[in-house]
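**Student:** Please work out how this folds:
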Amino acid sequence: MERTLLYGGRMQLMERATVAPGEDNEIYYKMLKWFHNNFPDKMDRYIQSISPNQLNGKRWLIDSLDTVQIPRDEEGKFKVEVIGGWFGFPLIDMLIDKYGDEIREIDYFDPDPFAAHVFMVYLSMWKKDMRNIKIFHSKEGDYFKYEKKRRAHLIINTSCEHMPNMNKMREYYFDADRTLLALQSNNKTDEDDHTNCVEDSWQLAEQADVHVLMGDWKTMKTETVIYHPNGPDQKELTHWNRYMVLGKWKEETE
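**Tutor:** Numbers count the residues shown, from 1 in each chain. Predicted structure coming up:
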(Lines give C-alpha, C1' and ligand atoms only; values in the text may rest on other atoms or scores of the structure.)
Protein backbone atom coordinates (compact mmCIF):
# COMPACT_ATOMS: atom_id res chain seq x y z
CA MET A 1 0.00 0.00 0.00
CA GLU A 2 1.36 3.42 -0.96
CA ARG A 3 1.39 6.43 1.38
CA THR A 4 2.02 9.99 0.19
CA LEU A 5 3.47 12.61 2.56
CA LEU A 6 4.36 16.29 2.11
CA TYR A 7 7.80 17.27 3.36
CA GLY A 8 9.32 20.60 4.34
CA GLY A 9 7.10 21.79 7.18
CA ARG A 10 9.08 20.20 9.99
CA MET A 11 12.38 21.40 8.54
CA GLN A 12 11.06 24.93 8.06
CA LEU A 13 9.78 24.87 11.64
CA MET A 14 13.29 24.08 12.89
CA GLU A 15 14.86 26.69 10.60
CA ARG A 16 12.67 29.45 12.08
CA ALA A 17 13.97 28.78 15.57
CA THR A 18 17.55 28.23 14.38
CA VAL A 19 17.85 31.31 12.20
CA ALA A 20 15.97 33.66 14.51
CA PRO A 21 15.98 32.15 18.00
CA GLY A 22 13.65 33.79 20.45
CA GLU A 23 10.56 33.44 22.54
CA ASP A 24 8.13 34.00 19.67
CA ASN A 25 9.52 31.09 17.66
CA GLU A 26 8.95 28.69 20.55
CA ILE A 27 5.24 28.89 19.84
CA TYR A 28 5.65 26.65 16.79
CA TYR A 29 7.20 23.92 18.90
CA LYS A 30 4.42 24.31 21.44
CA MET A 31 1.78 24.03 18.74
CA LEU A 32 3.46 20.97 17.25
CA LYS A 33 3.25 19.33 20.68
CA TRP A 34 -0.36 20.47 21.12
CA PHE A 35 -1.39 18.91 17.82
CA HIS A 36 0.48 15.71 18.68
CA ASN A 37 -1.29 15.43 22.04
CA ASN A 38 -4.78 16.54 21.01
CA PHE A 39 -5.28 16.08 17.27
CA PRO A 40 -2.64 13.70 15.89
CA ASP A 41 -4.98 12.89 12.99
CA LYS A 42 -4.80 16.55 11.94
CA MET A 43 -1.03 16.85 12.20
CA ASP A 44 -0.70 17.01 8.43
CA ARG A 45 -2.80 20.20 8.37
CA TYR A 46 -0.50 21.84 10.87
CA ILE A 47 2.62 20.80 8.96
CA GLN A 48 1.16 22.21 5.74
CA SER A 49 0.30 25.49 7.51
CA ILE A 50 3.98 26.17 8.26
CA SER A 51 5.41 24.64 5.08
CA PRO A 52 8.11 26.50 3.11
CA ASN A 53 5.49 27.62 0.57
CA GLN A 54 3.23 29.03 3.30
CA LEU A 55 6.05 30.83 5.09
CA ASN A 56 7.63 32.18 1.91
CA GLY A 57 4.29 33.37 0.57
CA LYS A 58 3.40 35.21 3.78
CA ARG A 59 6.88 36.75 4.10
CA TRP A 60 6.71 37.88 0.47
CA LEU A 61 3.44 39.69 1.19
CA ILE A 62 4.66 41.33 4.39
CA ASP A 63 7.88 42.53 2.73
CA SER A 64 5.96 43.83 -0.29
CA LEU A 65 3.88 46.12 1.92
CA ASP A 66 7.00 48.29 2.08
CA THR A 67 6.40 49.22 -1.57
CA VAL A 68 3.01 50.85 -0.94
CA GLN A 69 1.43 53.17 1.60
CA ILE A 70 -1.04 51.61 4.01
CA PRO A 71 -3.98 53.96 4.68
CA ARG A 72 -4.26 55.02 8.32
CA ASP A 73 -6.61 56.82 10.67
CA GLU A 74 -6.05 60.22 12.24
CA GLU A 75 -3.80 58.65 14.91
CA GLY A 76 -1.58 56.93 12.36
CA LYS A 77 -2.98 53.46 13.07
CA PHE A 78 -4.71 51.01 10.73
CA LYS A 79 -7.28 48.23 10.96
CA VAL A 80 -6.60 44.90 9.26
CA GLU A 81 -9.00 42.22 8.03
CA VAL A 82 -7.56 38.77 7.32
CA ILE A 83 -9.74 36.65 5.04
CA GLY A 84 -9.47 32.87 5.08
CA GLY A 85 -7.00 33.12 7.93
CA TRP A 86 -6.63 29.33 8.41
CA PHE A 87 -4.64 28.94 11.66
CA GLY A 88 -3.73 32.63 11.77
CA PHE A 89 -0.02 31.99 12.06
CA PRO A 90 2.51 32.63 10.57
CA LEU A 91 0.81 35.69 9.02
CA ILE A 92 -0.36 37.25 12.29
CA ASP A 93 3.00 37.08 14.04
CA MET A 94 4.71 38.54 10.96
CA LEU A 95 2.23 41.44 10.94
CA ILE A 96 2.61 42.12 14.66
CA ASP A 97 6.40 41.83 14.54
CA LYS A 98 6.56 44.35 11.69
CA TYR A 99 3.94 46.91 12.71
CA GLY A 100 3.24 46.35 16.42
CA ASP A 101 1.21 49.18 17.96
CA GLU A 102 0.59 50.72 14.55
CA ILE A 103 -2.17 48.12 14.13
CA ARG A 104 -5.38 49.26 15.78
CA GLU A 105 -7.32 46.04 15.31
CA ILE A 106 -7.24 42.74 13.41
CA ASP A 107 -10.44 40.99 12.33
CA TYR A 108 -9.89 37.34 11.38
CA PHE A 109 -12.42 35.52 9.17
CA ASP A 110 -12.54 31.76 8.62
CA PRO A 111 -15.70 29.63 8.47
CA ASP A 112 -13.84 26.55 9.73
CA PRO A 113 -14.46 26.36 13.52
CA PHE A 114 -11.46 24.06 13.98
CA ALA A 115 -9.15 26.59 12.31
CA ALA A 116 -10.51 29.30 14.60
CA HIS A 117 -9.98 27.04 17.62
CA VAL A 118 -6.35 26.46 16.64
CA PHE A 119 -5.88 30.20 16.19
CA MET A 120 -7.22 30.81 19.70
CA VAL A 121 -4.79 28.22 21.09
CA TYR A 122 -1.95 30.00 19.28
CA LEU A 123 -2.95 33.30 20.85
CA SER A 124 -3.23 31.77 24.32
CA MET A 125 0.40 30.61 24.02
CA TRP A 126 1.68 33.91 22.63
CA LYS A 127 2.98 36.25 25.31
CA LYS A 128 1.63 39.40 23.68
CA ASP A 129 -1.48 41.47 24.30
CA MET A 130 -3.88 40.27 21.63
CA ARG A 131 -7.06 41.91 22.86
CA ASN A 132 -7.30 43.83 19.59
CA ILE A 133 -7.87 40.61 17.58
CA LYS A 134 -11.46 39.58 16.83
CA ILE A 135 -12.14 36.07 15.57
CA PHE A 136 -15.10 35.47 13.25
CA HIS A 137 -15.82 31.80 12.56
CA SER A 138 -18.62 29.40 11.58
CA LYS A 139 -21.45 31.43 9.97
CA GLU A 140 -19.92 34.79 10.95
CA GLY A 141 -16.60 33.60 9.57
CA ASP A 142 -17.97 33.41 6.04
CA TYR A 143 -16.50 36.70 4.89
CA PHE A 144 -18.64 36.87 1.77
CA LYS A 145 -21.82 36.76 3.84
CA TYR A 146 -20.66 39.31 6.42
CA GLU A 147 -22.56 42.39 5.28
CA LYS A 148 -21.90 44.82 8.11
CA LYS A 149 -20.79 48.22 6.86
CA ARG A 150 -17.35 48.99 8.27
CA ARG A 151 -13.98 50.67 7.74
CA ALA A 152 -10.83 48.67 7.12
CA HIS A 153 -7.50 50.10 6.03
CA LEU A 154 -5.84 46.83 4.92
CA ILE A 155 -7.58 43.66 3.71
CA ILE A 156 -5.43 40.54 3.31
CA ASN A 157 -6.60 37.48 1.41
CA THR A 158 -3.86 34.97 0.60
CA SER A 159 -6.35 32.28 -0.47
CA CYS A 160 -8.27 33.86 -3.34
CA GLU A 161 -8.13 30.58 -5.28
CA HIS A 162 -10.65 29.17 -2.77
CA MET A 163 -13.14 32.04 -2.85
CA PRO A 164 -15.46 34.25 -4.93
CA ASN A 165 -14.08 37.45 -6.43
CA MET A 166 -13.26 40.17 -3.92
CA ASN A 167 -15.13 42.86 -5.88
CA LYS A 168 -18.37 41.45 -4.43
CA MET A 169 -17.52 42.96 -1.03
CA ARG A 170 -16.69 46.54 -1.98
CA GLU A 171 -20.13 47.89 -1.05
CA TYR A 172 -19.73 46.91 2.61
CA TYR A 173 -16.83 49.29 3.29
CA PHE A 174 -16.69 52.97 4.06
CA ASP A 175 -14.06 54.71 1.90
CA ALA A 176 -13.61 51.55 -0.15
CA ASP A 177 -11.43 53.33 -2.70
CA ARG A 178 -9.03 54.21 0.14
CA THR A 179 -8.73 50.61 1.33
CA LEU A 180 -5.57 48.65 0.48
CA LEU A 181 -6.09 45.06 -0.65
CA ALA A 182 -3.26 42.52 -0.50
CA LEU A 183 -4.35 39.50 -2.51
CA GLN A 184 -2.72 36.21 -3.46
CA SER A 185 -3.89 33.38 -5.69
CA ASN A 186 -2.32 30.68 -7.86
CA ASN A 187 -2.65 28.60 -11.02
CA LYS A 188 -2.63 25.26 -9.18
CA THR A 189 -5.81 23.89 -10.74
CA ASP A 190 -5.19 20.26 -9.74
CA GLU A 191 -6.63 20.88 -6.26
CA ASP A 192 -10.38 20.20 -5.95
CA ASP A 193 -10.98 23.17 -3.63
CA HIS A 194 -9.11 25.60 -5.90
CA THR A 195 -12.24 26.88 -7.61
CA ASN A 196 -11.05 30.34 -8.66
CA CYS A 197 -7.48 30.12 -9.91
CA VAL A 198 -5.88 32.75 -12.15
CA GLU A 199 -3.23 32.78 -14.85
CA ASP A 200 -1.47 36.00 -13.83
CA SER A 201 -1.59 38.87 -11.35
CA TRP A 202 -3.52 41.07 -13.77
CA GLN A 203 -6.37 38.57 -13.88
CA LEU A 204 -6.39 38.59 -10.08
CA ALA A 205 -6.63 42.38 -10.12
CA GLU A 206 -9.42 42.26 -12.67
CA GLN A 207 -11.38 39.80 -10.51
CA ALA A 208 -11.14 42.14 -7.53
CA ASP A 209 -11.69 45.29 -9.64
CA VAL A 210 -8.70 47.09 -8.14
CA HIS A 211 -6.17 49.63 -9.32
CA VAL A 212 -2.82 47.83 -9.24
CA LEU A 213 -0.14 49.45 -7.11
CA MET A 214 2.09 46.39 -7.22
CA GLY A 215 1.77 43.05 -9.03
CA ASP A 216 4.20 40.13 -8.98
CA TRP A 217 4.52 36.35 -9.10
CA LYS A 218 6.73 33.59 -7.74
CA THR A 219 7.23 29.98 -8.74
CA MET A 220 6.57 27.57 -5.89
CA LYS A 221 7.32 23.87 -5.65
CA THR A 222 5.73 20.93 -3.85
CA GLU A 223 7.65 17.73 -3.19
CA THR A 224 5.79 14.51 -2.49
CA VAL A 225 7.32 11.21 -1.51
CA ILE A 226 5.47 8.01 -2.36
CA TYR A 227 6.53 5.14 -0.15
CA HIS A 228 6.69 1.68 -1.71
CA PRO A 229 6.98 -1.09 0.89
CA ASN A 230 8.60 -3.46 -1.60
CA GLY A 231 10.74 -1.08 -3.56
CA PRO A 232 12.52 2.29 -3.62
CA ASP A 233 10.62 5.41 -2.62
CA GLN A 234 9.50 7.70 -5.41
CA LYS A 235 9.86 11.48 -5.26
CA GLU A 236 7.69 13.79 -7.31
CA LEU A 237 8.32 17.53 -7.67
CA THR A 238 5.67 19.85 -9.08
CA HIS A 239 5.98 23.56 -9.84
CA TRP A 240 3.22 26.18 -9.88
CA ASN A 241 2.92 29.95 -9.70
CA ARG A 242 1.62 32.14 -6.89
CA TYR A 243 0.44 35.61 -7.87
CA MET A 244 0.09 38.72 -5.73
CA VAL A 245 -1.60 42.08 -6.18
CA LEU A 246 -1.51 45.11 -3.91
CA GLY A 247 -4.11 47.63 -4.93
CA LYS A 248 -7.20 49.68 -4.11
CA TRP A 249 -10.78 49.23 -5.23
CA LYS A 250 -11.73 51.41 -8.15
CA GLU A 251 -14.26 54.16 -7.61
CA GLU A 252 -17.82 53.14 -8.35
CA THR A 253 -18.07 55.60 -11.27
CA GLU A 254 -15.16 53.98 -13.15
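**Student:** Check the burial of R150 by counting its neighbours.
**Tutor:** 12 (other Cβ atoms under 10 Å). Where C-beta positions appear, they are placed from N, C-alpha and C, glycine not excepted.
**Student:** ok so E252 is a helix residue?
**Tutor:** No: E252 is assigned coil when assessed by DSSP: H, G, I helix; E, B strand; the rest coil, not a helix.
**Student:** Count the residues that sit near it.
**Tutor:** Using other Cβ under 10 Å as the criterion, the residues surrounding E252 number 10.
**Student:** Likewise for V80?
**Tutor:** The number of residues near V80, taken as other Cβ under 10 Å, comes to 24.
**Student:** again with the one 4 residues further on
**Tutor:** Neighbourhood size, G84 [other Cβ under 10 Å]: 20.
**Student:** OK, contacts around it?
**Tutor:** F109, D110, Y143, N157, T158, S159, H162, M163 (Cβ atoms under 8 Å, 6 or more residues apart in numbering).
**Student:** The fifth one: neighbouring residues, count only.
**Tutor:** This points to T158. Neighbours around T158, by other Cβ under 10 Å: 24.
**Student:** Help me confirm that it comes into contact with Q184.
**Tutor:** Yes: T158 is within contact range of Q184, at 4.3 Å (criterion: Cβ atoms under 8 Å).
**Student:** Touching both of the two, which residues are there?
**Tutor:** G57, L61.
**Student:** Would you state the helices of the stretch 1-150 of the chain in chain order?
**Tutor:** With DSSP state H, counting those that start in this stretch as the criterion, the stretch 1-150 of the chain has helices at 9-19, 26-38, 43-49, 52-64, 91-99, 113-125.
**Student:** So I62 is in contact with D93, correct?
**Tutor:** No: using Cβ under 8 Å, I62 is not in contact with D93; the gap is 10.1 Å.
**Student:** what stretches of this structure score poorly on pLDDT?
**Tutor:** 1-24, 224-225, 227-228, 253-254 (pLDDT under 70).
**Student:** Okay, buried residues for the top strand by length along it please.
**Tutor:** Across the chain, the longest stretch assigned as strand under DSSP state E is strand 210-227. Neighbour counts over strand 210-227 (16 or more other Cβ atoms under 10 Å) mark V210, L213, G215, W217, M220, T222 as buried.
**Student:** Just give me how far that strand sits from the chain centre.
**Tutor:** Relative to its chain's centre, strand 210-227 lies at 13 Å (Cα atoms, centre = their mean, to the nearest Å).
**Student:** what do you get for stretch 62-75?
**Tutor:** Put simply, stretch 62-75 sits 18 Å off its chain's centre (Cα atoms, centre = their mean).
**Student:** and what of stretch 36-44?
**Tutor:** On the basis of Cα atoms, centre = their mean, stretch 36-44 is displaced by 21 Å from the centre of the chain it belongs to.
**Student:** what about that stretch, start to end distance?
**Tutor:** 10 Å (Cα to Cα, to the nearest Å).
**Student:** And for stretch 204-217?
**Tutor:** 11 Å.
**Student:** How about stretch 148-155?
**Tutor:** Stretch 148-155 stretches 15 Å from its first residue to its last (Cα to Cα).
**Student:** same check, this time on stretch 105-120
**Tutor:** End-to-end distance for stretch 105-120: 16 Å, by Cα to Cα.
**Student:** and it, how far out from the chain's middle?
**Tutor:** That offset, for stretch 105-120, works out to 12 Å (Cα atoms, centre = their mean).
**Student:** Buried residues of it, list them for me.
**Tutor:** I106, D107, Y108, F109, D110, P111, D112, A115, A116, V118, F119, M120.
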